[in-house]
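Novice: Please find the sequence and the predicted model below.
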There are 2 protein chains.
Amino acid sequence: MAEALTAEHILTTTEDVLRRYGPAKATVVDVARALGVSHGSVYRHFPTKAALREAVTERWLEQAHAGLKEIAESDAPAPEKLRSWLQALFDAKRKKALGDPELFATFEVLAKENSDVVAEHVREMVEQVAAIVGDQRTAQAVFNATERFHNPVHAADWVEDDVQDKFDAVCDLVIAGLEAS
Amino acid sequence: MAEALTAEHILTTTEDVLRRYGPAKATVVDVARALGVSHGSVYRHFPTKAALREAVTERWLEQAHAGLKEIAESDAPAPEKLRSWLQALFDAKRKKALGDPELFATFEVLAKENSDVVAEHVREMVEQVAAIVGDQRTAQAVFNATERFHNPVHAADWVEDDVQDKFDAVCDLVIAGLEAS
DNA sequence: CGACTGACAGATTTCAATATCTGTCAGTCC
DNA sequence: GGACTGACAGATATTGAAATCTGTCAGTCG
């Protein structure tokens, strides 16, 4: 570790440690050890363990949903655009949940710990839907109606072999509802 | 306890014990003690502790959703009927969750333990929706779209003072979608 | 001076012993 | 005979002492 110790560097290492030890056992001392510094140094960059984990949560959410904004801002017709935005969100979540279940479980714990960070992120997601459907209340309704396909608490259901069809059915219903109004 | 020991009697007492001690600490010995019999007697009626708790779960689900069937079988027009069925389901759940949060938490634990019982119950609920909307796939979609307002994992959100409005928004969207098809 | 260390107090977690519980069954009692 | 008991083996939970962790800060080092 000849490099200067940066917040960025600590975050990356914390992710590694979380991946390796899991959310229950990963300690600040572990992170410091992995960085080759004393744990006091970590506390110069993050005031508490909770703040460190919160920062990790923010980063994860950010990169997990990269690419959605582009879809929301593309100029396809609203119904198709909404469908592909929702599908992209579902695909991203599902891929994470099924690809590395242990890491996903770790993320779930962090997400529960930092529900305010998650809430803010959800707010941004709904904002993107509002940009597609044009109306805040409807956007919230669309987001809520598809909760089963993006909220991690339902991840266990995403292995069913007919999830995609269930997703399509809800999408069909929601989009039909939008076009009716 | 001059009365004969019946399965029914054991179930009622088990509910009491669960209410008093919570799901983690309630034991078969506690139930037997409350009944004034030895725990061996309880095992004459239920093969395992798990079976006993499963039976309690079934009873709870049953009585929690009493009255829904009547709405599903009434002869109001489909859209209103669907709305009042969904509203009745939401009201029942919300009342339980807010009225006695501790008991509801106990129920949540039992529900997780006995997910197959819950799954069967959900199947019946979807059946009732299908009787209203006429089609299985759509019924499933309606049920999934309103998940946020009946699945206990979302109970924490039911205290928000705008839940009812969020519920109405989803209902509006879903019902508009139904009428469009 | 400012990045970093390491020893420290109090809080939290781990671990192993002890106690309790689950499920069985031979035996009691009406 | 059939409902019930209570002692038992193995599994699970509780407890309290010891180990580790969190967060602080006076002090080192370049």
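Specialist: Cool, got the structure.
Novice: how much space between the residue most central in space within chain A and residue A:122?
Specialist: In chain A, the centroid-proximal residue (Cα atoms, centre = their mean) is residue A:61; its distance is 3.5 Å. Computed as Cβ to Cβ, to the nearest Å, the residue A:61 to residue A:122 distance reads 9 Å. For the C-beta atoms, the positions are set from N, CA and C on the backbone; glycine is no exception.
Novice: Next, the contact list for the one residue in chain A that gets nearest to DNA strand C, please.
Specialist: Using Cβ to the nearest atom of the strand, the single residue of chain A nearest to DNA strand C is residue A:40, 2.4 Å away. Residue A:40 makes contacts with residue A:32, as judged by Cβ atoms under 8 Å, 6 or more residues apart in numbering or on different chains.
Novice: what about the helix or strand where it lies, near DNA strand D?
Specialist: Counting by DSSP states H and E, the element that carries residue A:40 is helix A:39-45. Yes. Using Cβ under 7 Å from any atom of the strand, helix A:39-45 reaches DNA strand D at A:39-40, A:43.
Novice: Closest to chain B out of the residues you listed?
Specialist: residue A:43 (31.9 Å; Cβ to the nearest Cβ).
Novice: Would you mind giving me the confidence score for that closest one?
Specialist: pLDDT, residue A:43: 98.
Novice: If you drop the residues flanking it in sequence, what lies closest to it?
Specialist: residue A:28 (7.6 Å; Cβ to Cβ, 6 or more residues apart in numbering or on different chains).
Novice: Buried residues in the helix holding residue A:40, which are they?
Specialist: Judged by neighbour count (16 or more other Cβ atoms under 10 Å in any protein chain shown), helix A:39-45 contains these buried residues: A:42, A:45.
Novice: could you dump it to PDB, C-alpha only?
Specialist: Extracted in PDB, the C-alpha atoms of helix A:39-45 (Å, rounded to 0.1, in the frame of the first residue of the first chain):
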ATOM      1  CA  HIS A  39      -8.200   1.100  12.000                       C
ATOM      2  CA  GLY A  40      -7.700   4.600  13.400                       C
ATOM      3  CA  SER A  41      -6.800   5.700   9.900                       C
ATOM      4  CA  VAL A  42     -10.100   4.400   8.500                       C
ATOM      5  CA  TYR A  43     -11.900   6.700  11.100                       C
ATOM      6  CA  ARG A  44     -10.100   9.700   9.600                       C
ATOM      7  CA  HIS A  45     -12.200   9.200   6.400                       C
END
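Novice: returning to that earlier point: any idea how far residue A:36 is from the residue nearest to the centre of chain A?
Specialist: The spacing between residue A:61 and residue A:36, counted by Cβ to Cβ, is 29 Å.
Novice: and the biggest helix by length in chain A, which residues are buried?
Specialist: Taking DSSP state H as the criterion, chain A has its longest helix at helix A:78-99. By neighbour count on 16+ other Cβ under 10 Å, the buried set for helix A:78-99 is A:79, A:81-90, A:92-94, A:96-97.
Novice: surely the residue nearest to residue A:43 meets residue A:53?
Specialist: No. If you go by Cβ atoms under 8 Å, residue A:28 and residue A:53 don't touch, sitting 9.8 Å apart.
Novice: Backbone dihedrals for the residue nearest to residue A:43, please?
Specialist: phi -60, psi -40 (degrees, to the nearest 10).
Novice: wait, what's in contact with it?
Specialist: A:39, A:42-43, A:49, A:52.
Novice: Of the residues you listed, which pair is most distant in space?
Specialist: A:39 and A:52 (11.0 Å; Cβ to Cβ).
Novice: anything in contact with each of the two?
Specialist: Joint contacts of residue A:39 and residue A:52 (Cβ under 8 Å, 6+ apart) are A:28, A:31.
Novice: re earlier: how much space between the nearest residue to the residue nearest to the centre of chain A once chain neighbours are set aside and residue B:134?
Specialist: Distances taken as Cβ to Cβ, 6+ apart put residue A:121 closest to residue A:61, at 4.8 Å, once the chain neighbours are dropped. Counting by Cβ to Cβ, the gap from residue A:121 to residue B:134 is 38 Å.
Novice: Counting neighbours, go ahead and name the busier of those two.
Specialist: Each of residue A:121 and residue B:134 has its neighbours counted (other Cβ atoms under 10 Å in any protein chain shown); residue A:121 has more, 19 against 11.
Novice: contacts for stretch A:127-147?
Specialist: A:68-69, A:72-73, A:78, A:81-82, A:85-86, A:90, A:122, A:125-126, A:154, A:167, A:170-171, A:173-174, A:178, A:181, B:145-148, B:154, B:165-166, B:169-170, B:172-174.
Novice: What segments of chain A are helices?
Specialist: Listed in chain order (using DSSP H), the helices of chain A are A:7-21, A:28-35, A:39-45, A:49-64, A:68-73, A:78-99, A:101-113, A:115-133, A:136-145, A:163-180.
Novice: got the contact list for the residue lying closest to residue A:79 once chain neighbours are set aside?
Specialist: Sequence neighbours aside, residue A:175 is the residue nearest to residue A:79 in space, at 5.1 Å (criterion: Cβ to Cβ, 6+ apart). Applying Cβ under 8 Å, 6+ apart, we find residue A:175 in contact with A:79, A:82-83, B:177.
Novice: and which of those residues is nearest to residue B:16?
Specialist: residue B:177 (44.6 Å).
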